[in-house]
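**Student:** mind looking at a prediction? Sequence and model below.
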Amino acid sequence: MKKPILETLAIHLSASEPDLLGRTRIILPNRRAGLFLLQHLARHSRKASWAPQLYSMTDFIQEIRVLDQGDPVELLFSLYDVYTRLVDKPESLDDFYHRGETMIRDFDELDKYLVDAALLFTNIMDMKAMEEPLAGLEEDQIQFIRQFWTGFHAGEPTPEKELFIQNWKLLPLIYEAYRKELSGQGLAYQGMQYREIAERIAFGEMEPAWEGRTIVAGFNALNRCEKRIFAWLKILGAEFYWDYDAR
């Protein structure tokens with residue numbers, strides 16, 4: 001039976017150059033994976049050695065980001081301030097609260113997939129009409145946009161949806177103004193951090209700050225930003241151990 005990827009990695013690290021572990025950083029999907037990897041290393045290590053530095057993907061983003069991740073409530077209040085400046089008849093904060101949370105989640109996802117906000121927030125009621133404007137995008141970006149619109153149009157019309165559509169044309173403005181507002185405060189939501197890092201990589205502005213060995217392990221499905229970040233790490237010599245059937 002094939003061993004789990006983290007145990008396979010622990011066996012490999014223990015058998016080959018265990019003295020390098022202290023100068024190794026390992027990027028994993030989440031912190032739970034790090035706990036499992038440490039358990040496997042303890043079980044398979046043949047001699048005492050320094051533990052590697054373990055990062056969840058979230059931890060790694062915080063390590064290399066420029067903008068700090070804002071507190072969820074603080075992020076929502078900042079969004080509401082932007083919303084009230086741009087909408088003629090804004091809702092009360094109580095009525096806006098859950099809609100604002102949804103908007104931040106949508107902004108987070110579109111940034112992680114490097115989607116053009118103006119394209120996503122075009123009010124395309126006929127799904128067939130999406131074919132031409134989506135031409136040239138990558139498949140994962142197209143899937144994200146299709147899922148967003150399919151989910152939005154599911155179910156019966158509601159007063160909330162009607163109100164949302166009325167303000168739909170303002171969403172690209174809200175998105176851009178919100179990002180500008182947060183950036184001015186040195187803050188970001190997670191997807192904004194991802195996008196900022198991915199864009200810095202694209203412009204050649206990311207400088208490697210780690211001199212040891214880098215290993216990326218346990219990942220399978222990646223968003224667009226993660227693909228670009230990992231491609232950058234690969235150029236810098238990182239090793240990759242994909243989970244099972246991935247790549």
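**Tutor:** Looks like it came in fine. All values reported here derive from a predicted model rather than from experimental measurement. Residues are numbered from 1 along each chain as shown.
**Student:** mind giving me the packing neighbours of the longest helix seen in the chain?
**Tutor:** For the chain, the longest helix by residue count, based on DSSP state H, is helix 93-112. For helix 93-112, the packing partners by 3 or more CB pairs under 8 Å, 6 or more residues apart in numbering; DSSP states H and E come out as helix 72-86, helix 117-120, helix 139-153, helix 171-184, helix 190-202, helix 224-235. All C-beta atoms are positioned from the backbone trio N, CA, C, and that covers glycine.
**Student:** how about 7 Å then?
**Tutor:** helix 72-86, helix 190-202 (3 or more CB pairs under 7 Å, 6 or more residues apart in numbering; DSSP states H and E).
**Student:** nearest to Y55, out of the ones you listed?
**Tutor:** Y55 sits nearest to helix 190-202 of all those, at 13.8 Å, using CB to CB.
**Student:** just name the most buried of the helices and strands packed on helix 93-112.
**Tutor:** helix 190-202 (a mean of 20; mean count of other CB atoms under 10 Å).
**Student:** quick check: angle from that one to helix 93-112?
**Tutor:** Going by axes from the mean of the first three to the mean of the last three CA atoms, to 10 degrees, helix 190-202 is angled at 30 degrees with respect to helix 93-112.
**Student:** what's the following helix or strand after helix 190-202?
**Tutor:** Under the assignment DSSP states H and E, the closest C-terminal helix or strand after helix 190-202 is strand 213-217.
**Student:** next up, the contacts around K112.
**Tutor:** Neighbour list for K112: 191, 194, 223-225 [criterion: CB atoms under 7 Å, 6 or more residues apart in numbering].
**Student:** now the residue lying closest to L75 once chain neighbours are set aside. Its backbone dihedrals?
**Tutor:** The shortest distance from L75 to any non-neighbouring residue, by CB to CB, 6 or more residues apart in numbering, is to Y189 (5.6 Å). Backbone torsions for Y189, taken as degrees, to the nearest 10, come to phi -90, psi 170.
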